[in-house]
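A.B. asks: turn this into a model:
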Amino acid sequence: MSDPSLLETVKIFLETMGKKDYESGTSMVSDDCEYTNPAPFGTVHGPAGIRGVLEPFFSPTLENQFVWKHTAVEGATVFVERVDRHHLPDGWVELPVTGVFEVRDGRITIWRDYFDVTTILGVWPQPEGV
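C.D. replies: So this is what the prediction gives:
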């Protein structure tokens, strides 16, 4: 039997991070949370690691939306197929993503996102000096 609170935890977490409320969002992950994205991004650990990836990535966005398509919960694992929508100054960018989360004691301990890197890197603004 699945626990609906696990799905709700992930939903609130993604909504909070999408609003760029990094302090509240990262309070929902364990101190040793493992966050993995496809290469070249790789894996980071803990709230500071997650914030270190998302804060600069979201910096050019005016708004972020996570449109949920399908979900499944098995034990402590939550699967979310979604479309990440990012409003940039030149318009919206959409990225199909599948996220896998593990939630223990109300906190996210693992977060793995799977997506086509070339889809996002081809349209994402590069930071100054890069």
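
A.B. asks: which parts of this protein are helices?
C.D. replies: Shown for the chain, the helices assigned by DSSP state H span residues 4-18, 22-26, 46-58, 117-121.

A.B. asks: distance of the most centrally placed residue in the chain relative to residue 97?
C.D. replies: The structure's the chain has its C-alpha centroid closest to residue 14; by C-alpha atoms, centre = their mean the separation is 6.1 Å. Note on residue 14: its distance to residue 97, by C-beta to C-beta, to the nearest Å, is 10 Å. To be clear about C-beta, it is placed using only N, CA and C from the backbone, and glycine gets the same treatment.

A.B. asks: joint contacts of the two?
C.D. replies: Counting by C-beta atoms under 8 Å, 6 or more residues apart in numbering, the residues touching both residue 14 and residue 97 are residue 82.

A.B. asks: out of the helices of the chain, which is closest to residue 102?
C.D. replies: Nearest to residue 102, of all these, is helix 4-18, at 8.9 Å by C-beta to C-beta.

A.B. asks: and the pLDDT for residue 96?
C.D. replies: At residue 96, the model reports a pLDDT of 95.

A.B. asks: who are the contact partners of the closest residue to residue 106 other than its chain neighbours?
C.D. replies: Distances taken as C-beta to C-beta, 6 or more residues apart in numbering place residue 9 nearest to residue 106, at 6.4 Å, with adjacent residues excluded. Applying C-beta under 8 Å, 6+ apart, we find residue 9 in contact with 28, 78, 103, 106-108.
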